[in-house]
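In: 3D, please:
(chains A and B)
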Protein chains: 2
Amino acid sequence: MAIIVQKYGGSSVADADKIKNVARRAIRAESAGNQVVVVVSAMGKTTDELIKLARGIEENPDEREMDVLLSTGEIVSSTLLAMALRSMGAKAISLNGAQAGIKTDSVFSRARILNINPRRITGELDKGKIVIVAGFQGITDEMDVTTLGRGGSDTTAVALAVSLGAERCEIYTDVDGVYTSDPRMVPESRRLESIGYEEMLELATYGARVMHNRAVELGGVYNMPILVASSFNDNPGTLICGGNPVEVANKVRGIAHDVNVAKVTVVGVPDKPGIACAIFEPLAKAGISVDTIVQNASIDRVTDLTFTVAKSDMHKAMKVIEPVARSVGARECSTDTKLAKVSVVGAGIQSAPGYAARMFRALYDEGINIELITTSEIRITCIIDEARVGDAMRTLHKAFELEQGV
Amino acid sequence: MAIIVQKYGGSSVADADKIKNVARRAIRAESAGNQVVVVVSAMGKTTDELIKLARGIEENPDEREMDVLLSTGEIVSSTLLAMALRSMGAKAISLNGAQAGIKTDSVFSRARILNINPRRITGELDKGKIVIVAGFQGITDEMDVTTLGRGGSDTTAVALAVSLGAERCEIYTDVDGVYTSDPRMVPESRRLESIGYEEMLELATYGARVMHNRAVELGGVYNMPILVASSFNDNPGTLICGGNPVEVANKVRGIAHDVNVAKVTVVGVPDKPGIACAIFEPLAKAGISVDTIVQNASIDRVTDLTFTVAKSDMHKAMKVIEPVARSVGARECSTDTKLAKVSVVGAGIQSAPGYAARMFRALYDEGINIELITTSEIRITCIIDEARVGDAMRTLHKAFELEQGV
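Out: Numbering: from 1, shown residues only, chains lettered A, B, ... in the order given. This is a model prediction of the structure:
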């Protein structure tokens, strides 16, 4: 019998009716002849409420204690789902991270799964039960509870699917799947039937908030098919899987965007060895991720160094950079926070000619200025004025004919 | 270094300020030169809210799932207390029932502690930490979470104190200790400095809702001194311990009452062997505790059988009794729910003459009719009209001169 792992997010288990809905879906998957494991997130805003409770005690609560506290949210929803399933006549049991055999390292608040011992899960499946696993959590060798950080329940689901040899991991959320662009900004956006792991990673990193990269990466490494679909309807969703079944003509799969972008320019930096190191090492030590980095051609051995950070890291970044800039003899630091990224994503677009040119032409025709450009194997990103991001997405969606199905 | 186990009830950890108050008290106990273990209940009404959540899914939720669900309440308060302690500069760690090594049987919702492996607790104490243990819960050999039923956190505290060889177990609650009577009904009530385990059991069973009998019994078996005191002030509380240090002149220690009493009389029962068995076996099977039982002297081989049950069990009891009464040829069943118990409690009062007579005289002088009488080694109980319970308590408190200290 095939094993299916389903994961339901917080909005899918937000109240009693929604939990019953999830129970019906799990029973349907079982009735279709599968063994079913369900991973659940905490109900609705539970995690936020627990964080608030902790902050009422201490602004910066201890991470070990915080992990124990937050892990209770998923335990609560897992037991409620088990009750709902039993009330519908199904056999069901809830397991917490420890019981599910999810061993992690002891980096509290962002632990990594080291291995999974699925003995208990398979034992319960073999008794004919639907097994509900509290997501987002694991346990260390010392029996301390850990949480997996952002996207933790997605990661739990994919990791369990891999360790159980599941046929498929299904991620149920409040959207219908992965779209060619953000439907709120580009009405012509179209749901993709399938997408590759790498494309999904780029789309997610560059704006499509459907599921977390960690889980997609894990799926990619073990080639575990991941279906992303809505828990509120029966639309078919999007299958994330290895390699496109058909070599598609139009290689651009989607347009992503991100408005959490700030640009820092260190102006008038002496162009000598060690400067980049002097600037970026302190940022790394402060835990600030730097995205695009551009260094202009040097004029008179003086250059400008530009990079982007998350808008939310901007203030912290400037605190680190200003003393460094002075010490290396730079003239000044300037910043711009009214920016956005817009990206076209598709496997192989960098190796195929003409995609970048088509992107720049479309933006130019729309009168949109490009501040910075950055590319990867499967993505071309332009940094533009935040006010024009909607226009940019719509014109690119049209330029790459994404409104037309494959 | 002596080990002290402190337990704080739900009202003592109901909000952030109260949790901080508990943290200060634990630190004070540590500063006095002790190793401190703190057992906590769930915050305020948390348990009720979790029950409501479950009932939103299913009227009669599965007990295993219910135990997992309810156990999260104590885990939440234990982590918050650990955070509060750390914010005050103390070293602290929270442990759930499994981590604390509390092994139970697998009778969900009312598990019994089988044994405690305190290795983790003593290890953390030896690192100079205050150890907070989530009360009310344990774990089976199969790693399933259990809860200990009513009074569970008190039981956790006393059991831990015993297994750690603690000097004392301190139960902090919202009352100042054990009183000679209920201060709301008898203004002259006086706090007892100490009381024996058996006396405490009788007082608790017969109305003093300070702590649960299971925990007192456990303390008695292992002769663990238990201090009952308020978490909201520094009043000295009441020490429950073995044997009174001084042989006190006035052996009556307190007046207890209970209004959760209903009386059932099976009228006109044929007086032959096997009748009591025929009536009380079905009640036992239905899980109904029968308290006082009185059988009148037989006239013409027909007798009346009277017994009391908790008022809340009355309806269920009648359903069981009526068909049985018919089948044994009884004339009818009558009931009375407007009753109360009032008891005088003190070690050795049954073997010392005159206490029962003094009790009956006091009630008679007050014009209070006695419906039924029942006694134990250390208690005399009268069942009276519920409307007169306050009068009865006040007159008995006076008759036994309880307003005067020892």
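In: Leaving out chain neighbours, which residue sits closest to residue A:106?
Out: If the residues on either side of it in the chain are set aside, residue A:106 comes closest to residue A:140, at 4.4 Å by Cβ to Cβ, 6 or more residues apart in numbering or on different chains. Bear in mind the C-beta positions are built from the backbone N, C-alpha and C, glycine included.
In: Kindly state the neighbouring-residue count (a burial measure) for that neighbour.
Out: Residues lying near residue A:140 (other Cβ atoms under 10 Å in any protein chain shown) number 18.
In: give the contact list for it.
Out: Residues touching residue A:140, when contacts are defined by Cβ atoms under 8 Å, 6 or more residues apart in numbering or on different chains, comprise A:103-106, A:111, A:146.
In: now with 10 Å?
Out: Residues in contact with residue A:140 (Cβ atoms under 10 Å, 6 or more residues apart in numbering or on different chains) are A:64, A:98, A:103-108, A:111, A:114, A:146.
In: The residue of chain A positioned farthest from its centre and residue A:265: what is the separation?
Out: What lies farthest from the middle of chain A is residue A:300; by Cα atoms, centre = their mean that is 43.4 Å. For residue A:300, the distance to residue A:265 equals 18 Å [Cβ to Cβ, to the nearest Å].
In: picking that back up, I'd like the distance between the residue farthest from the centre of chain A and residue A:325.
Out: Taking Cβ to Cβ as the measure, residue A:300 and residue A:325 are separated by 18 Å.
In: Output the below-cut-off pLDDT ranges for chain A.
Out: Applying pLDDT under 70 to chain A flags the ranges A:205-209, A:243-250, A:297, A:350-353, A:405-406.
In: if we go to 50?
Out: Filtered on pLDDT under 50, chain A yields the residue ranges A:245-247, A:249.
In: Now do the domain split for it, please.
Out: Following automatic domain parsing, one gets these domains for chain A: A:2-174, A:254-399.
In: what's near enough to touch residue A:235?
Out: Listed by Cβ under 10 Å, 6+ apart, the contact set of residue A:235 reads A:175-177, A:191, A:229.
In: so it sits in a helix?
Out: No: with DSSP: H, G, I helix; E, B strand; the rest coil as the criterion, residue A:235 is coil rather than part of a helix.
In: and residue A:17, how many neighbours does it have?
Out: 11.
In: Could you do residue A:112 as well?
Out: Taking other Cβ under 10 Å as the neighbour definition, residue A:112 ends up with a count of 14.
In: For it, which non-adjacent residue is closest in space?
Out: Counting by Cβ to Cβ, 6+ apart, residue A:105 is the residue found nearest to residue A:112 once chain neighbours are left out, at 5.2 Å.
In: Test my guess that the one you found contacts residue A:114.
Out: Yes: the pair residue A:105 and residue A:114 passes the contact test of Cβ atoms under 10 Å, sitting 5.9 Å apart.
In: Now list whatever residues contact both of these two.
Out: A:138, A:140-141.
In: What is the burial count for residue A:193?
Out: The criterion is other Cβ under 10 Å. On that basis, residue A:193 has 15 neighbouring residues.
In: CA atoms only: put stretch A:378-398 into PDB for me.
Out: The C-alpha trace of stretch A:378-398 is given here as PDB (Å, rounded to 0.1, in the frame of the first residue of the first chain):
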ATOM      1  CA  ILE A 378      17.500  29.800 -14.000                       C
ATOM      2  CA  ARG A 379      16.600  33.400 -13.100                       C
ATOM      3  CA  ILE A 380      17.000  37.000 -14.200                       C
ATOM      4  CA  THR A 381      16.300  39.700 -11.600                       C
ATOM      5  CA  CYS A 382      16.000  43.400 -12.100                       C
ATOM      6  CA  ILE A 383      15.800  45.900  -9.200                       C
ATOM      7  CA  ILE A 384      13.400  48.700 -10.000                       C
ATOM      8  CA  ASP A 385      11.400  51.500  -8.400                       C
ATOM      9  CA  GLU A 386       8.900  49.900  -5.900                       C
ATOM     10  CA  ALA A 387       6.100  52.000  -7.300                       C
ATOM     11  CA  ARG A 388       6.400  50.300 -10.700                       C
ATOM     12  CA  VAL A 389       6.500  46.700  -9.600                       C
ATOM     13  CA  GLY A 390       2.900  45.900 -10.600                       C
ATOM     14  CA  ASP A 391       3.400  47.400 -14.000                       C
ATOM     15  CA  ALA A 392       6.600  45.500 -14.400                       C
ATOM     16  CA  MET A 393       5.000  42.200 -13.500                       C
ATOM     17  CA  ARG A 394       2.100  42.600 -15.800                       C
ATOM     18  CA  THR A 395       4.200  43.600 -18.800                       C
ATOM     19  CA  LEU A 396       6.700  40.700 -18.200                       C
ATOM     20  CA  HIS A 397       3.800  38.300 -17.800                       C
ATOM     21  CA  LYS A 398       2.600  39.400 -21.200                       C
END
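In: Now do the buried residues in that stretch.
Out: Along stretch A:378-398, the positions that meet the burial threshold by neighbour count (16 or more other Cβ atoms under 10 Å in any protein chain shown) are A:378-386, A:388-397.
In: Kindly report the same for stretch A:348-364.
Out: A:349-350, A:355-356, A:358-359, A:362-363.
In: which residues make contact with that stretch from outside it?
Out: A:199, A:247, A:251-253, A:255, A:342-344, A:346, A:368-370, A:373, A:375-382, A:384, A:388, A:391-392, A:394-400.
In: For residue A:115, list each beta-bridge partner.
Out: Residue A:115 has these beta-bridge partners by DSSP bridges: residue A:103.
In: thought it was touching residue A:139?
Out: No: the pair residue A:115 and residue A:139 fails to qualify as a contact (Cβ under 10 Å) at a distance of 11.5 Å.
In: okay, these two: which has more neighbours?
Out: Ranked by neighbour count (other Cβ under 10 Å), residue A:115 and residue A:139 place residue A:139 first, with 23 against 12.
In: quick one: contacts for that one?
Out: Applying Cβ under 10 Å, 6+ apart as the definition, the contact partners of residue A:139 turn out to be A:71, A:96-104, A:106, A:111, A:145-146, B:98-99.
In: Residue A:309 too?
Out: A:260-264, A:283, A:288-292, A:316-318, A:321, A:335.
In: From those residues, which land in helices?
Out: Assigned to helices by DSSP state H, the following of these qualify: A:283, A:316-318, A:321.
In: dump the residue contacts of the closest residue to chain B within the stretch 201-350 of chain A.
Out: Distances between the stretch 201-350 of chain A and chain B by Cβ to the nearest Cβ are smallest at residue A:231, namely 16.7 Å. With contact set as Cβ under 10 Å, 6+ apart, residue A:231 has these partners: A:6-9, A:11-13, A:18, A:21-22, A:25, A:170-174.
In: Out of the residues you listed, which is nearest to residue B:157?
Out: When these are compared for distance to residue B:157, the smallest value, 34.4 Å, is given by residue A:13; criterion: Cβ to Cβ.
In: hang on, isn't the closest one packed against residue A:26?
Out: No: if you go by Cβ under 10 Å, residue A:13 and residue A:26 don't touch, sitting 11.5 Å apart.
In: any common contacting residues for those two?
Out: Jointly contacting residue A:13 and residue A:26 under the rule Cβ under 10 Å, 6+ apart are A:38, A:81, A:84.
In: Next up, identify which helix or strand the second one is on.
Out: The reference is to residue A:81. Following DSSP states H and E, the helix or strand that holds residue A:81 is helix A:63-87.
In: which among the contacts of residue A:231 end up buried?
Out: The buried subset of the contacts of residue A:231 - by 16+ other Cβ under 10 Å - is A:6-9, A:11-13, A:18, A:21-22, A:25, A:170-173.
In: How far away from the center of its chain is the strand or helix carrying residue A:306?
Out: Element membership of residue A:306, judged by DSSP H and E, is strand A:302-309. When distances are taken as Cα atoms, centre = their mean, to the nearest Å, strand A:302-309 is centred 28 Å away from the chain's centroid.
In: Please apply the same query to stretch A:132-145.
Out: Averaged C-alpha coordinates place stretch A:132-145 at 21 Å from its chain's average position (Cα atoms, centre = their mean).
In: Perfect, I'm done here.
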